[in-house]
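A.B. asks: this one's structure only:
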């Protein structure tokens, strides 16, 4: 309907390139940073249960923490980034625990799968910001 009423579809790529609206994007950065801080607890669980890859998981935890801090610094109001407190983290760890190895493996798989998806979206968002703003990460 927009194409017919407003003829914005003609040369639509050109219109998108010329889009210089300064729309708020920090909600995205805030969500990314908050999500990375939340994943920290899940990754600590993976580190405890996926012992055959301990060194790789330790590196992943460290890198995730570093990225969360870096993105948080990019947010206009860093205090608005939600960082789970120790009680919340302990509660989550307790919920994740299981006495069945199979459930631990499935949980670990789901965490890593969702973390991968989250990171793919994070990379896209940061690349977009690098291309539209003068930021360096």
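C.D. replies: It's in. Note that this is a predicted model, so its numbers are computed, not measured.
A.B. asks: show me where this structure has strands.
C.D. replies: Applying DSSP state E to the chain gives no strands.
A.B. asks: Centroid-nearest residue for it?
C.D. replies: residue 32 (4.1 Å; CA atoms, centre = their mean).
A.B. asks: confidence score at it?
C.D. replies: Confidence at residue 32, expressed as pLDDT, is 93.
A.B. asks: wait, isn't it in contact with residue 71?
C.D. replies: Yes - the pair residue 32 / residue 71 is scored as a contact, 5.3 Å apart, by CB atoms under 8 Å. Bear in mind the C-beta positions are built from the backbone N, C-alpha and C, glycine included.
A.B. asks: re the thing from before, who's in contact with the residue nearest to the centre of the chain?
C.D. replies: 71, 122, 125, 126 (CB atoms under 8 Å, 6 or more residues apart in numbering).
A.B. asks: circling back: so what sits against both of residue 32 and residue 71?
C.D. replies: 122, 126.
A.B. asks: mind checking how far residue 66 is from residue 98?
C.D. replies: According to CB to CB, to the nearest Å, residue 66 and residue 98 sit 30 Å apart.
A.B. asks: And residue 71, by the same measure?
C.D. replies: Taking CB to CB as the measure, residue 71 falls 31 Å from residue 98.
A.B. asks: what phi and what psi does the backbone show at residue 100?
C.D. replies: Note on residue 100: its backbone torsions stand at phi -110, psi 120 [degrees, to the nearest 10].
A.B. asks: Quick check, pLDDT for it.
C.D. replies: For residue 100, pLDDT reads 87.
A.B. asks: One more: residue 43?
C.D. replies: Looking at residue 43, its pLDDT reads 94.
A.B. asks: do the same with residue 52
C.D. replies: Residue 52 is given a pLDDT of 87.
A.B. asks: Nearest residue to residue 118 in space, please, no chain neighbours.
C.D. replies: Spatial nearest neighbour of residue 118, chain neighbours left out: residue 35 (5.9 Å); criterion: CB to CB, 6 or more residues apart in numbering.
A.B. asks: what about the helices in the protein?
C.D. replies: 2-6, 12-17, 26-49, 54-74, 86-96, 101-132 (DSSP state H).
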